[in-house]
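Asker: Quick one: sequence and predicted model below, then my questions.
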Amino acid sequence: MTHREGSQASDFKLQGSDGQTHSLQDYRGKTLVIYFYPRDDTPGCTKESCGFRELKNDFDDLDTVILGVSKDNLASHIKFVAKFNLPFVLLSDPETSMMQIYGAWGEKKLYGKVGIGCIRSTIVIDPQGTVIKRWQKVKNAADHPAEVLNFLKG
């Protein structure tokens with residue numbers, strides 16, 4: 001299922017780097033940015049995550065919560081959060097259930113080679129649970145957090 005802009009976001013239930021279970025319902029009443037990334041502590045994923053970290057106060061000012069999602073296990077997430085002082089929760093999706101539902105798992109091309117994996121993408125969900133923006137394929141991981149913030153600022 002791909003979540004088109006204007007559609008209702010699907011619920012999820014995943015473990016977070018904070019030791020809690022997280023679901024879409026937990027964020028009702030807030031704008032939610034969910035960014036899907038391939039792997040903890042790799043160059044592009046680190047740039048993207050640190051970009052969201054640097055803009056965290058700006059997202060807070062817009063009453064917006066940031067969640068990162070990858071297939072990595074909780075131990076990897078906890079290490080990644082600590083190493084880069086990430087001030088938001090990373091969700092572990094080892095079975096790729098959420099990534100599949102949100103269209104962030106599938107065929108992709110990396111260095112000319114086609115494979116199956118996490119597609120770097122982002123979705124923004126409004127306080128009522130409606131998808132208001134979707135980036136199906138993020139082109140520049142380092143600049144993407146600012147692009148998301150600019151969208152939210154209108």
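Answerer: Nice, thanks for sending it over. Residues are numbered from 1 along each chain as shown.
Asker: Go ahead and confirm C50 touches F84.
Answerer: Yes. With contact defined as CB atoms under 8 Å, C50 reaches F84; the gap is 5.7 Å. Yep, even glycine has a C-beta here, placed from its N, CA and C like the rest.
Asker: Three-state assignment for A141, please.
Answerer: Under DSSP: H, G, I helix; E, B strand; the rest coil, the three-state class of A141 is coil.
Asker: got it, and E95?
Answerer: coil.
Asker: can you check the one 3 residues further on too?
Answerer: Three-state secondary structure (criterion: three-state DSSP) places M98 in helix.
Asker: Spit out the contact partners of it.
Answerer: The neighbours of M98, taking CB atoms under 8 Å, 6 or more residues apart in numbering as the test, are F12, L14, V69, L91, A104.
Asker: give me the low-pLDDT residue ranges for the protein?
Answerer: Within the chain, the ranges that satisfy pLDDT under 70 run 1-2.
Asker: all helices for it, in order.
Answerer: For the chain, the helices defined by DSSP state H cover 43-54, 56-61, 74-84, 97-101, 144-153.
Asker: Tabulate these (a markdown table), appending distance to H3.
Answerer: Formatted as a markdown table, the helices of the chain follow (distance: least, CB to CB, whole Å):
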| stretch | distance to H3 |
| --- | --- |
| helix 43-54 | 20 |
| helix 56-61 | 20 |
| helix 74-84 | 23 |
| helix 97-101 | 8 |
| helix 144-153 | 16 |
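Asker: Much appreciated, bye for now.
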